[in-house]
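Novice: model the following, please.
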Amino acid sequence: MSRLDNCLTAIVGDKLPIETARKTFFFLLGIAVMLIVIALPSPSPFYKGEEAIPLTANAKIVMAVLCFAVIQWMTEAIPFPATSLCLIVFLHILGVASFDKLVTLGFGNNVLLFLMGAMGEIEPGHVHAGLQHLPQDALPVRGRTEGAHDLCLSHK
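Specialist: Just a heads-up that it's a prediction; the model follows:
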């Protein structure tokens, strides 16, 4: 058991399973880090030649929400789709953009929908280099793989 598990067990006892306590801890940690980043003072502007480029309030909020997302992705406290929905909700609640605009920018892009559809159709057993089909095309019998461990002929 790790130190974190020991601390969480001491706090929640037998009321919650340790995995639920761990996920709750990291979810709340992500929210706390997000709020801390928002509360930090803005840094001095970045200078590109003579031009000053300040960090806007919206940019700081976006960085804070990104910190939340990274913590959720690294710890898997909540599933990835739930994290992406949380990002949209947080950006809307914190006033970065309207909900309609966030949904349109995030999910309304035709290229993104195409890639999501294409990736949804690709499975590990479907990816082949091409030469493995030569023996399969020469034989009248077709095999089908059941998984990565199965050494059957590749399917078509």
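Novice: so which other helices or strands are in contact with the host helix or strand of Leu66?
Specialist: Assigned by DSSP states H and E, Leu66 belongs to helix 57-75. Contacts defined by 3 or more C-beta pairs under 8 Å, 6 or more residues apart in numbering; DSSP states H and E place helix 57-75 against helix 18-39, helix 80-93. (C-beta placed from N, C-alpha, C; glycine too.)
Novice: thought Lys60 was touching Ser42?
Specialist: Yes: the criterion here is C-beta atoms under 8 Å, and Lys60 meets it with Ser42 at 6.3 Å.
Novice: so between the two, which is more surrounded?
Specialist: The neighbour comparison of Lys60 against Ser42 (other C-beta atoms under 10 Å) goes to Lys60, with 18 against 11.
Novice: any idea how far the more buried one lies from Thr24?
Specialist: Distance from Lys60 to Thr24, counting by C-beta to C-beta, to the nearest Å: 27 Å.
Novice: swap in Pro43?
Specialist: Taken as C-beta to C-beta, the span from Pro43 to Thr24 is 32 Å.
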